[in-house]
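Trainee: Fold the following and give me the result.
(3 chains)
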Amino acid sequence: MSGSQPIERDVMEYDVVIVGGGPSGLGAAIRLKQKAAAAGKEISVCLVEKGSEVGAHILSGAVFEPRSLNELFPNWKELGAPLKTAVVRDELHVLTSPTAGVKLPNLFVPKTMHNEGNYVISLGNLCRWLEEQAVGLGVEIYPGFAAQETIVEEGVVKGIQVGDMGIDRDGSHKPDFAPGIELRAKYTLFAEGCRGHLGKRLLKQFKLDDEADPQHYGIGIKEVWEAPAGKHQPGLVVHGAGWPLDVVGTGNTGGWFLYHADNNQILVGLIVDLSYSNPYLSPFDEFQRLKHHPVLKQYLEGGKRVSYGARAIAKGGFNSLPKMVFPGGALIGCDLGTMNFSKIKGSHTAMKSGMLAAEAFGDALLNGAAGGDALQAYPETFKRSWLYDELYRSRNFGPAIHKFGALFGGMFNYIDQNIFGGKIPVTLHDTTPDHATLKLAKDSVKIEYPKPDGKLSFDKLSSVFMSSTNHEEHQPVHLKLLDATIPISKNLPLYAEPAQRYCPAGVYEIVGEASAPRFQINAQNCVHCKTCDIKDPSQNINWVAPEGSGGPNYAGM
Amino acid sequence: MSKILVVAEHSEGKLNAGVAKVIAAATPIGGEVHVLVLAADGSAIAAEAAKLVGVTKVLVADSAAHASPIAANLAPSVVELAAAYTHVLFPGTTFGKDVAPRVAAKLGVPQVSDVMAVHSATSFDKPIYAGNAITTVETPAGTIVATVRLASFTAVAATGSAAIEKVSVATVAAAHTRYKGLEAQKSARPDLQSAAKVVSGGRALGSSENFKVIFDFADKIGAGVGASRAAVDSGYVPNDMQVGQTGKIIAPSLYFAIGISGAIQHLAGIKDAKVIVAINKDADAPIFEVADIGLVGDLFTLVPELQAKM
Amino acid sequence: MKAIVSVKRVVDYNVRIQVKPDGSGVVTDGVKHSMNPFDEIAMEEAVRLKEKGKITEIIAVTLGGSKNEETLRTALAFGATRAIHIKEEGDIQPLTAARALAAVFKKEGASLFIAGKQAIDDDANQTGQMVAALLDLPQATFAGKVEVDGNKATVVREVDAGLETLEVDLPAVITADLRLNEPRYLKLPDIMKAKRIAIEALTLGDLGVTPAAAVKVTKTTPPPTRSKGIMVKTTDDLVAALKAKGLA
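Mentor: Purely as a prediction, here's the structure:
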């Protein structure tokens, strides 16, 4: 039996439904409940999360600015929020070759990269703590349930439909088929993170981004390491750019981080801007070879890798912000695009955007709103907030790096931030979408990446193994090709099918004989990073949520 | 000084091959090792057990209550005789795992499951998390009941001659459990999950038709057949043949990885295999890092060749 | 007719476990936990028996700290009628658990005890059998098929040699093996309702249970890594190498 007959679904109704258990979704949920409690009234809030638990799909560096948390829970310390490692020292490096680099004197580090007052954290653990607080306040949180469709009726968002469970590879219903429930709400907040699959459709359906610059992305690949003996310096924050990516070039940019956290752990990662132009570039392999540079190697050699993961980040910032409301709902967090790229921090901004939405939507509901409208109070509140100001001041960083490269873009940023306070009287616009920046394979230089040594660097499959990723075996492939022929007929000859390289989990392979190549999708490996959805030059890959609970099971990422 | 009682598993008048391995685990504990045969008529089984090197004595407790392997009947018999012993060991088979905890609970003592190494009379290694971690444990005072992981020990030789002694037990068959029969493994080819030998094929086979090479070889040596994820994803064989992290986790004595590169997800499925043999065209394939015996070359030539010689 | 189902909270089976660098155990903090998969199968079987009208009440029982409440909520969402939380911190020995579960079984006057055959953390495979011993009940372990007819159950067990059929009088203990059933997907409304059902809290003391002597873990290490063996050049050499190992 296939899904062609109308399926009877249960319906549950709430005042607010939130899609996604990250900092923005949880921030919004908590703030709504706090407001309701203060007013002595009820606002029912339901939050669904596609990961097996809150935190399972959370991945971030992270150095956390506590500004939003201070507002949400002024007594977060007594409540035991996991902000355990205060930043002690910042370092900024520009690597110039596999063995050399320059450490910038503190004087030349832009203000936005100074981290006094911030904490090295695991965002996943912070989200788990936020979940506890949210549940304590009465938020209903359901992990393991993926929002699959937005319910839109007569142009109004009425809620979401959770994905059906128990569908076989060919679309037919397995014996344990369980139809997904409809969660209907007066307002629905979409907090799926960068390139949310429902957010992507909402942008199109409600023409939310028609007037904004295209969104720009990076792929962040991260590992957690147990530090080798004697090398751990809790609170040390190291950032860098340059080798193995461009130093002065603008084609292939990015930056890396290495943070000393608590528990003898080191958090290390590389962000490759997805505006990269060389189709032979493999972000995963760039990260693996980066770790061999002496500046990073000194903290990793002799240690042990314990975790791996990857996630795309939305770094277009201010200029790429779409309209944030539509009838019946809003976008918050990275689904909206609130990351402050100049600080490389998106957690406090995501949280604040959720809190601002809660202010606006909460007030409306407490005043008896029936919902279903495009609540302008939210963008208005947003515009009056420190978040708007912060994003405005950091609006040039991303475009500057793309236009001028790491070194000169960095200099521009320094001037903008330290001299103009972010208000330099020019706004750089980056109008080329990331998927359109690849040069043709024939015009590009193939990169020979060194083989992993199994101690500092590793292969993709071993890495995916460390992300504890699993998907129910018998389900439809969740990476949908709009045109099944394009990978072989177009992407392969033009760009040497870059999916084989930009995917950090080895999902995409070209197999078979040279005369009869086949595009194979190993959906089981997918870590839900969304890079394929973003970078495919033909925009042919549409990522949709697989069956709930599937994907990585990040621990403390 | 220890005194160890090994409970013998048997079927159709024959001693189970695992008992010889339990003796191998018993020997380093030190002290006398006795084997207990609980059967309707255990004379033939006892004679086999008496040959196992390291065994001092074989106790035969014949009773109608022992006619079928019902834990509720066998456990009380063991309990009745266990008072004289410091250790009571069972093979880590479905039989041993069924009976041993019942004995332990009746004696009021804990049980150590799946002993894989013996450090002393009271210290053992056992696996946890499906063998992804190993714990060393120390048992408290009192009788030690344990099941022994057979894959970790080599069978003792059958060249001894221990005394055989008849004993009696008071056990009466419980009315509440009735043995209705055993349906032996049907297919000629051993089940992949429990086969002692397994041959697996990878993507290099190239097609479902080519998998015949694997099936033929497996049938020649009486092995089960498995496949790597890549071979399954390419559609060469069905999904229930997949060996690996998201497929079956197996522990055969002999594993052939044919045309399999050795991705960690596959290795997770075979980490407890005793001997891994790899045949692959690529000398750099990661499988060679873990294979006990490796042969680089074209599987389509080498496997039929190997088949003829085995 | 009441069924007791014991459910254990364990590290989720998808998680790649890490051994603590100091060898003191496995990292469990901040790591995803779920109901032991074999216990999910036991729960599913109990629910199916209830749906067939063979049992009237399912009581889910767990032993553990406060976080075990999640496991009971899952059991209730599956369809358990009631839930009992035996609150005990720290490691609980199988014999201690068995004593507690046997006490609950007796107190409730149950007819069926179902649990997973083993927990995927300690892989002990003892508790069900121990409960049977303490109560002098029949046991049918590694069940691949269960049929209940009035006061007896017919169980097909997955044993090394094949499939063994036992008939047991109730009350009895059954432990679930992998192929017994495929647990259902939990529905959101059921998960929601489960949050509102009161859970009975008990201690070992309440049940008159003395903890059993403990098997102490003195060290935890990762498994030995396999190292490269020998490379041979011909199939003759391969066969010789196998013969040397007694495998050909």
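
Trainee: Quick one: residues contacting the spatially most central residue of chain C.
Mentor: Nearest to the geometric centre of chain C sits C:Gly116, at 3.2 Å (CA atoms, centre = their mean). Residues in contact with C:Gly116 (CB atoms under 8 Å, 6 or more residues apart in numbering or on different chains) are C:8, C:36-42, C:175-176. (Glycine included, C-beta is placed from N, CA and C.)

Trainee: Tell me which of these fall in strands.
Mentor: Among the contacts of C:Gly116, DSSP state E puts C:175-176 in strands.

Trainee: Contacts for whichever strand in chain C runs longest, please.
Mentor: Counting by DSSP E, the longest strand found in chain C is strand C:139-149. Strand C:139-149 is contacted from outside by B:71-72, B:94, B:97-98, B:102, B:177, C:45, C:49, C:52, C:54-55, C:112, C:117, C:128-129, C:132, C:153-159, C:163, C:166, C:168, C:170, C:172-177, C:179-180, using CB under 8 Å, 6+ apart.

Trainee: Pull out the buried members of the residues you listed.
Mentor: Using 16 or more other CB atoms under 10 Å in any protein chain shown as the burial test, these include B:71-72, B:94, B:97-98, B:102, B:177, C:45, C:49, C:54-55, C:112, C:117, C:128-129, C:132, C:153-159, C:163, C:166, C:168, C:170, C:172-177, C:180 as buried.

Trainee: three-state assignment of A:Asn125?
Mentor: At A:Asn125 the chain is in helix, as set by DSSP: H, G, I helix; E, B strand; the rest coil.

Trainee: so it touches A:Glu53, yeah?
Mentor: No - the pair A:Asn125 / A:Glu53 is not scored as a contact, 11.8 Å apart, by CB atoms under 8 Å.

Trainee: who's more crowded, these two?
Mentor: Using other CB atoms under 10 Å in any protein chain shown, the more surrounded residue of A:Asn125 and A:Glu53 is A:Glu53, with 24 against 20.

Trainee: so who does that one touch?
Mentor: Counting by CB under 8 Å, 6+ apart, A:Glu53 touches A:128, A:143-144, A:553, C:32.

Trainee: got it, and A:Ala37?
Mentor: The contact partners of A:Ala37, taken as CB under 8 Å, 6+ apart, are A:Leu137.

Trainee: Try it again at 10 Å.
Mentor: A:43, A:137-138 (CB atoms under 10 Å, 6 or more residues apart in numbering or on different chains).

Trainee: what does A:Gln161 give?
Mentor: Contacts for A:Gln161 (CB under 10 Å, 6+ apart) come out as A:7, A:9, A:11, A:147-151, A:179-184.

Trainee: Then A:Leu104?
Mentor: A:90-94, A:110, A:113, A:239-240, A:410, A:414.

Trainee: The nearest residue to A:Leu83 once chain neighbours are set aside bridge partners, please.
Mentor: Of all residues not flanking A:Leu83 in the chain, A:Tyr119 sits nearest, at 4.2 Å (CB to CB, 6 or more residues apart in numbering or on different chains). A:Tyr119 forms beta bridges with A:Phe64, A:Ala86, as assigned by DSSP bridges.

Trainee: low pLDDT regions in chain A?
Mentor: Regions of chain A meeting the criterion pLDDT under 70 cover residues A:1-5.
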